[in-house]
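Q: Make a model of this:
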Amino acid sequence: MHIGLQRQVALVTGASSGIGAGVAEALAEAGAAVVLNYRSQREPAEALARRIVERGGQAIAVGADVGEEAAVERLFEAALNAFGRLDILVANAGLQRDAPFGEMTLAQWTEVLNANLTGQFLCARAAVRQFRRQGVCADVSRAAGKIIHMSSVHEFIPWAGHVNYAASKGGVKLLMQSLAQEVAAERIRVNGIAPGAIATAINSEVVQDPLQHRKLLSLIPYGRVGEVEDVARAAVWLASDASDYVVGATLVIDGGMGLYPGFRDGG
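A: Numbers count the residues shown, from 1 in each chain. Down below sits the predicted model:
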């Protein structure tokens, strides 16, 4: 099945590296013009935009802290100035500030919730407003717009030592579902992706260390660590009309990590 996103414009937050960069590149390969948002990593975001353009695509890189309302407004304004419309939002930006609960500072809690949850709220709100202005353009997409909230398996798997991160992802789950329920009648499709262990720079030490790698694989029934492409392909599908009847769903991409692998032998 061929999936094409020609004439569509996608905005991907946190697109300078990892999953965000992979998703942005895959959307561009499917034909979408892409706005790559970054917070501090300007050079890799601009380098990816150049690669996309060199391959015949359309892309720009725009810096913005998605946890700041004014910055989000400027981000969306830049997207519309560049491409004239918006069809897809992938709310991917996020971060970790890990600490045992008793030692976690308010600053660590607030920074994570602001980036991971408030940032997704602000970007989704801006996208919904734009989708409403545009309405459905049937020769572009069957939907007025598509929002993909990037979450984590930790929206349902508790994670000691990472309470702020897990709380933010639990919030993303119900943000996505509640928003999907509210705007579906307007032909705005809202869904989520919950990745498990994905090989990116943030966990390279675990993936490359043989002992830690084996320990990680013991939590993944499918027997391998995920690749960025596993998530990127799912994002392209959710952004396309091939998934037009998918509303308020979370695609869990984790090799079975959420299946309580400790019980494989009866517990």
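
Q: show me where pLDDT drops low in the stretch 1-150 of the chain?
A: 1-2 (pLDDT under 70).

Q: Tell me which stretches of it form helices.
A: 18-29, 42-54, 69-83, 106-113, 119-134 (DSSP state H, counting those that start in this stretch).

Q: Please, where are all the strands along the stretch 151-267 of the chain?
A: For the stretch 151-267 of the chain, the strands defined by DSSP state E, counting those that start in this stretch occupy 188-195, 250-253.

Q: any idea of the mean pLDDT in the shortest one?
A: Within the predicted structure, the mean pLDDT of strand 250-253 is 98.

Q: Give the other helices and strands that it contacts.
A: In terms of contacts (3 or more C-beta pairs under 8 Å, 6 or more residues apart in numbering; DSSP states H and E), strand 250-253 is packed against strand 188-195, helix 228-239. In short, each C-beta sits where N, CA and C put it, glycine included.

Q: Of all these, which one is nearest residue 130?
A: strand 188-195 (10.2 Å; C-beta to C-beta).

Q: quick one: the closest one to helix 18-29, angle?
A: 130 degrees (axes from the mean of the first three to the mean of the last three C-alpha atoms, to 10 degrees).

Q: Strand 188-195 pairs with which strands, parallel or anti?
A: With DSSP bridges as the test, strand 188-195 is paired with strand 145-150 (parallel), strand 250-253 (parallel).

Q: What angle do helix 228-239 and that strand make with each other?
A: Using the same axes, to 10 degrees: strand 188-195 against helix 228-239 is 160 degrees.

Q: how distant is strand 188-195 from the center of its chain?
A: Mean-position distance between strand 188-195 and its chain equals 8 Å (C-alpha atoms, centre = their mean, to the nearest Å).

Q: Between helix 119-134 and it, find me the angle.
A: Using the same axes, to 10 degrees: strand 188-195 against helix 119-134 is 150 degrees.

Q: just the strands paired with strand 188-195: most buried one?
A: strand 145-150 (a mean of 27; mean count of other C-beta atoms under 10 Å).

Q: ok, now how distant is residue 143 from residue 32?
A: 14 Å (C-beta to C-beta, to the nearest Å).
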